[in-house]
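Participant: Give me a 3D structure for the following:
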Amino acid sequence: MIKVLSRRLGWVRVPILLFSVAAIGMVAPPGATGAGNSSKKLLSLGDKVRHELVMLPYFGVFDNIGFDIQDANTVVLSGQVLRPMLKSDAESAVRRIQGVNRVVNQIEVLPVSRFDDLIRLATYRAIFSRPGFEKYALQAISPIRIIVKNGNITLDGVVGSQFDKVIAAMAARSVFGVFSVTDNLKVG
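Facilitator: A predicted model of the protein is given here:
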């Protein structure tokens, strides 16, 4: 289904579609059939949360924020960010959403490190300078997330093919000074 939609909608819209499909799986409670009014309420709450997180002004390629909805009105935020302000902004933005009664903020603020900053920039250049990767770099919100902590890189997000997944991981491993690379990229 996703392949057919990606041909019809074009490549730029595929990451948004994939995040929407992933959110449906995160939002729907176990055993929900999707026919009840309750699941529609959860889906719209998930869409509102995702929209608020994507619209954060300092949310960038080096940040990774996820969420889960529990008990129909509790939002659990997770992931890693560079700036403490982004962590608090994410919580504030989600807290303002109508229907959210409680926010559990489990977002990790990455340690300040000049060494990690150099690795972030070198990894960004190594991945997005590859031929064919401009389609990821030119998007307003990059579908590839580069998380660097203590010299270790984690790649998260969505790429268009298995080939792109392998090339991105190889590019990250080629960066000088990197201790390890964890490839959590999904093909969509």
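Participant: going forward, measure contacts and count neighbours with C-alpha atoms only.
Facilitator: OK.
Participant: Show the low-confidence segments of this protein, by residue range.
Facilitator: In the predicted model of the chain, residues 1-43 satisfy pLDDT under 70.
Participant: Could the C-alpha coordinates of stretch 155-170 be exported in PDB?
Facilitator: Output of stretch 155-170 as PDB, limited to C-alpha atoms (Å, rounded to 0.1, in the frame of the first residue of the first chain):
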ATOM      1  CA  LEU A 155      20.500   7.200  12.900                       C
ATOM      2  CA  ASP A 156      16.700   7.300  13.200                       C
ATOM      3  CA  GLY A 157      13.900   8.000  10.700                       C
ATOM      4  CA  VAL A 158      12.800   6.900   7.300                       C
ATOM      5  CA  VAL A 159      14.600   6.400   4.000                       C
ATOM      6  CA  GLY A 160      13.200   5.500   0.600                       C
ATOM      7  CA  SER A 161      15.100   2.300   0.000                       C
ATOM      8  CA  GLN A 162      17.400  -0.300   1.500                       C
ATOM      9  CA  PHE A 163      20.200   1.100  -0.600                       C
ATOM     10  CA  ASP A 164      19.800   4.500   1.000                       C
ATOM     11  CA  LYS A 165      19.700   2.900   4.400                       C
ATOM     12  CA  VAL A 166      23.000   1.100   3.800                       C
ATOM     13  CA  ILE A 167      24.700   4.200   2.200                       C
ATOM     14  CA  ALA A 168      23.600   6.500   5.200                       C
ATOM     15  CA  ALA A 169      25.000   4.000   7.700                       C
ATOM     16  CA  MET A 170      28.300   3.600   5.700                       C
END
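Participant: care to break the protein down by domain?
Facilitator: 2-109, 114-187 (automatic domain parsing).
Participant: Redo the ones you listed as JSON lines? Include mean neighbour count.
Facilitator: Below are these laid out as JSON lines (neighbours: other CA atoms under 10 Å):
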{"stretch": "domain 2-109", "mean neighbour count": "16"}
{"stretch": "domain 114-187", "mean neighbour count": "17"}
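Participant: For this structure, which segments count as strands?
Facilitator: Assigned by DSSP state E, the chain shows strands spanning 64-70, 74-81, 102-109, 144-149, 152-159, 180-187.
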